[in-house]
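[1] Predicted coordinates and the sequence they were generated for:
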Amino acid sequence: MKKPVYFSIALLLIVSTSCRMRNNHVKETQSATSQPSPQKAFFATMQIRDTIRTGAPVELVFTVYNHTDSLVKFLRWQTPFEPLMSQYLEIKDEQGEEVLYKGPMAKRMMPPPASSYLALNPMDSLVAKVDILKGYALTRPAKYTITYTSENVSGLKVRKQVSFVYR
């Protein structure tokens, strides 16, 4: 008599657990297939020439895209949208050795004033260019990789790193 009771309780637990798991899966799927979040449609990219001659400007092109249907603002601090005031890029050679940052390090007042933000209209983009040599000590020929490291400050998510050969 005890076996059928235990069997019934176990079966009930299995069914109720699977129903809860099914409901959670449905909620996750619904949120994943609904409208894309602004974070996924608001991003930045970097571009640089593949090969750059030693001593020539090392120009990085930084583009911010707003593929949303609303105005988006981001902090210009630690981006190429302001003069080089702090280290916001990590530049490493093929051996993983980091290039020395030699530029200024600005102290900032918090919270940032409204003038420190840039607004980007829906379906628009902004482009800024920066010469890496003005803030980083590229002293020898090598292959370098650049990573944007100030996402937490500016609010900009850069989709990938860029690389170039410095000859």
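    Right, received. Where do you want to start?
[2] Could you list the low-pLDDT ranges of the chain?
    Along the chain, segments meeting pLDDT under 70 span 1-40.
[3] Would you state the helices of it in chain order?
    For the chain, the helices defined by DSSP state H occupy 2-33, 38-41, 151-154.
[4] Now find how far off-centre stretch 42-54 is within its chain.
    Centroid separation between stretch 42-54 and its chain, computed with CA atoms, centre = their mean, to the nearest Å, is 15 Å.
[5] next one: stretch 109-128
    On the basis of CA atoms, centre = their mean, stretch 109-128 sits 16 Å off its chain's mean C-alpha point.
[6] Do me a favour and get the end-to-end distance for it?
    24 Å (CA to CA, to the nearest Å).
[7] can you list contacts of it?
    By CB atoms under 8 Å, 6 or more residues apart in numbering, the surrounding residues in contact with stretch 109-128 are 42, 61-77, 79-81. (Each C-beta comes from the backbone N, C-alpha and C, glycine too.)
[8] Of those residues, keep whichever come out buried.
    Buried members of the contacts of stretch 109-128, counted by 16 or more other CB atoms under 10 Å: 42, 62-66, 68, 72, 74-77, 79-81.
[9] Just the residues you listed: which are in strands?
    The strands in this structure, assigned by DSSP state E, contain Phe42, Phe62, Thr63, Val64, Tyr65, Asn66, Val72, Phe74, Leu75 from those.
[10] Pipe these into TSV and attach distance to Val165 per row.
    Converted to TSV, those look like this (distance: CB to CB, whole Å):
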residue	distance to Val165
Phe42	31
Phe62	20
Thr63	22
Val64	26
Tyr65	27
Asn66	32
Val72	35
Phe74	31
Leu75	32
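[11] of those residues, closest to Arg49?
    Lowest distance from Arg49 to these (CB to CB) belongs to Phe62, with 14.2 Å.
[12] any idea how far that closest one is from Asp69?
    According to CB to CB, to the nearest Å, Phe62 stands 24 Å off from Asp69.
[13] hang on, isn't Tyr136 packed against Val99?
    Yes - counting by CB atoms under 8 Å, Val99 is a contact partner of Tyr136 at 5.0 Å.
[14] which neighbours do the two share?
    Ile91.
[15] Contact partners for Ile91?
    Residues in contact with Ile91 (CB under 8 Å, 6+ apart) are Glu98, Val99, Ile132, Tyr136, Leu138, Tyr144, Thr145, Ile146, Thr147.
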